[in-house]
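>>> the following block contains a protein sequence and its predicted model.
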Amino acid sequence: MSAFLGKIHYLLYNKIQLNEDLLEGILNFAEGKNIPVKDIENRVYEEYGYPERRALEEVIDQGNIHGWLQEKIQSVENRTAAIVTELINKYSINIDDISKIYYENGKKIMKSIDTENFLPKDLFDIIFTYMLEGMPCDMINKPIFESENEFSWETTRCIHKQHWDKVKGDVNNFYILRNAWIKGFLDITEYSYIRSENGNSKITRG
């Protein structure tokens with residue numbers, strides 16, 4: 001990894017920030033349910049790391065850019081898994097209620113994008129400028145099929161399960177939330193998103 005910041009580093013950091021925004025939305029929702037959010041925050045953040053919200057160039061370890069970003073990705077994924085799992089298991093929060101936060105965030109992001117006349121591949125590319133899927137070298141999403149009406153891809157392996165296993169959670173909740181975000185993102189388009197049980201996904205017109 002080069003010892004200077006490039007576009008890919010800012011892209012990854014922006015993905016981390018979006019996930020911090022989503023987690024903040026979950027905590028705000030929980031606070032509205034009179035759940036002791038500060039206690040949960042303090043305990044989970046102490047174990048898995050605190051959010052970093054400053055400008056990337058102010059805080060990144062220039063001598064270990066790759067490692068620093070990897071650590072921040074793991075931190076926000078661990079914290080999200082831990083907090084969602086606790087809200088579901090201890091406070092009987094429904095995953096569908098948390099999904100609405102992701103859905104609305106996806107809708108908001110799409111409304112901020114000016115480009116029109118998307119092809120399915122364009123939408124896939126944009127979605128994964130926001131969604132965390134490890135580091136670029138992990139190459140998690142493998143294209144299967146592309147046309148003017150459909151783009152499909154295979155998830156070569158799940159890199160999120162480790163975070164949910166660590167907190168004795170269910171990684172299916174991760175995919176429920178991911179799916180909700182993508183469906184919100186596509187809400188105002190003519191496209192729909194389908195993820196099959198084998199991990200293959202597609203964006204299709206209509």
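Alright, I've got the coordinates. Numbers count the residues shown, from 1 in each chain.

>>> residues making contact with stretch 46-55?
16-17, 20, 23, 45, 59, 71-72, 75-76, 78-79, 82 (Cβ atoms under 8 Å, 6 or more residues apart in numbering). Yep, even glycine has a C-beta here, placed from its N, CA and C like the rest.

>>> how about stretch 111-122?
Here stretch 111-122 makes contact (Cβ under 8 Å, 6+ apart) with 126, 146-151, 188-189, 191, 202-205.

>>> at 10 Å what do you get?
Residues outside stretch 111-122 that contact it (Cβ atoms under 10 Å, 6 or more residues apart in numbering) are 110, 123-126, 143, 145-153, 185-191, 193, 202-205.

>>> list the ones among those that fall in strands.
Residues of those located in strands (DSSP state E): 143, 145-146, 150-153, 191, 193, 202-205.

>>> any low-confidence regions in this structure?
Applying pLDDT under 70 to the chain picks out residues 1-3.

>>> for it, which segments count as helices?
Using DSSP state H, the helices found in the chain span residues 7-31, 37-48, 56-59, 65-91, 95-111, 120-127, 161-166, 171-185.

>>> wouldn't residue 203 be in contact with residue 123 here?
Yes: Residue 203 is within contact range of residue 123, at 5.3 Å (criterion: Cβ atoms under 10 Å).

>>> higher neighbour count, these two?
Of the pair residue 203 and residue 123, residue 203 is the one with more neighbours under other Cβ atoms under 10 Å, namely 25 against 20.

>>> about what we covered before: shared neighbours, residue 203 and residue 123?
What both residue 203 and residue 123 touch, as defined by Cβ under 10 Å, 6+ apart, is the set 151, 182, 185-186, 189, 191, 193.

>>> could you give me the PyMOL selection string for whichever of the residues you listed are buried?
Remark: buried members of the shared contacts of residue 203 and residue 123, expressed as a PyMOL selection using 16 or more other Cβ atoms under 10 Å:
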select buried, resi 151+182+185+186+191+193
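
>>> which pair in the shared contacts of residue 203 and residue 123 spans the largest distance?
Based on Cβ to Cβ, the longest span within these runs between 151 and 185 and measures 14.1 Å.

>>> now residue 165. Nearest residue, chain neighbours left out?
residue 171 (7.4 Å; Cβ to Cβ, 6 or more residues apart in numbering).

>>> burial of the one you found, as a residue count?
Other residues close to residue 171 by other Cβ under 10 Å number 15.

>>> for residue 23, which residues are in contact?
41, 44, 51, 76-77, 79-80, 83-84, 101.

>>> now the end-to-end length of stretch 152-162.
By Cα to Cα, to the nearest Å, the extent of stretch 152-162 from end to end equals 25 Å.

>>> quick check: buried residues in it?
152-153, 155, 159-160.
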